[in-house]
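Undergrad: Got a predicted structure here, sequence first:
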Amino acid sequence: MPSRQPAGRRRYKKGKMADPNANAYWRMGGITVPEVEDYLYAMLPPRDEVLSEMEADAAKHDVPIVGPAVARILYQLATISGAKRVFEMGSAIGYSTVWWARAVGESGRVVYTDGDRKNAEKAQGYFQRAGVSPRITVRVGDALELLSEEKEPYDIIFNDVDKTDYPKVVRLALPRLKQGGLFITDNVLWSGKLTRPNPSAETKAILQFNKLISESKELFTTILPIRDGVSVCVKK
């Protein structure tokens, strides 16, 4: 059997690889082996100018984004389910928001939320350049409070807020999600730290969150081990 190459040595090519620094940035590590991650990211089609710039911007300024592999899953789930109303909790510079907005189409609506007004202003510039501004409502403030104000049910609620707030999000999101709607959450495997001793407050919150969504009688839950782990829950 051939010897396994050290992490980072083996590279799979399909056209031109993305910026290696940005590529390393959106990979969290600890979930899949580096060689498999190399292969998965090498298979991704190139992104357009706006998304590529957002990826580079996030890497340069240390802004968390889901990255292209997870973003494509979000797009697929929205298109498969025919979603037209998406509420995004924790949007940063709006990288995943652009993917959602493209998935819901011209008649759809995506609510962007972030606590940082500068992030929101930058995101709005990207939305305009991407041609999706009319589909996006930008709201600045605490995502949990903003969601609690919503009265109409959503097709998808995407959760990417501070990890210590994850258990609270379950209680808030379910009443505001339509039957058959999707509750999707990022970072649920937390770079593999869930299995280590002496968990941090963030890790404990994610462990509690995963238990809640897995045991909920209202949800059918699957956890996808891609990037940092993505949970996909269908409301029964």
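TA: Perfect, thanks for sending it.
Undergrad: Would you mark the buried spots in the longest strand that the chain contains?
TA: In the chain, ranked by residue count with DSSP state E as the criterion, the top strand is strand 177-186. For strand 177-186, the neighbour count (16 or more other CB atoms under 10 Å) marks L177, G181, L182, F183, I184, T185, D186 as buried. Heads up, the C-betas are built off the backbone N, CA and C, glycines and all.
Undergrad: same deal with stretch 33-42?
TA: Quick answer for stretch 33-42 (16+ other CB under 10 Å): E35, E37, D38, L40, Y41, A42.
Undergrad: Please enumerate the helices of this structure.
TA: With DSSP state H, the ranges of helices along the chain come out as 20-26, 34-42, 49-61, 67-81, 95-104, 117-130, 143-148, 166-173, 201-215.
Undergrad: how near is A123 to K217?
TA: According to CB to CB, to the nearest Å, A123 and K217 sit 36 Å apart.
Undergrad: So these two - more neighbours on which side?
TA: Ranked by neighbour count (other CB atoms under 10 Å), A123 and K217 place A123 first, with 23 against 6.
Undergrad: Find the nearest non-adjacent residue to that one, please.
TA: The shortest distance from A123 to any non-neighbouring residue, by CB to CB, 6 or more residues apart in numbering, is to G94 (3.2 Å).
Undergrad: quick one, what contacts that neighbour?
TA: Going by CB atoms under 8 Å, 6 or more residues apart in numbering, G94 touches M54, Y112, N119, K122, A123, Q124, Y126, F127, I136.
Undergrad: List the beta-bridge partners for E88.
TA: Note on E88: beta-bridge partners by DSSP bridges are F158.
Undergrad: rewinding a little: ok, the longest strand of the chain: who's next to it in the sheet?
TA: With DSSP bridges as the test, strand 177-186 is paired with strand 154-159 (parallel), strand 230-235 (antiparallel).
Undergrad: Mean neighbour count, the helices of the chain: which tops it?
TA: Mean neighbour count (mean count of other CB atoms under 10 Å) peaks for helix 95-104 among those, with a mean of 25.
Undergrad: any weak-confidence spans in the chain?
TA: Scanning the chain for pLDDT under 70 picks out the ranges 1-29.
Undergrad: what about the residue nearest to P153 when sequence neighbours are not counted, distance to D155?
TA: Nearest residue to P153 in three dimensions, chain neighbours excluded: K178, at 4.0 Å (CB to CB, 6+ apart). Using CB to CB, K178 is found at 6 Å from D155.
Undergrad: Surely G192 touches T32?
TA: No. Shown here, G192 and T32 do not form a contact pair, counting by CB atoms under 8 Å, at 10.0 Å.
Undergrad: Against I73, how distant is V232?
TA: From V232 to I73 the distance is 8 Å (CB to CB).
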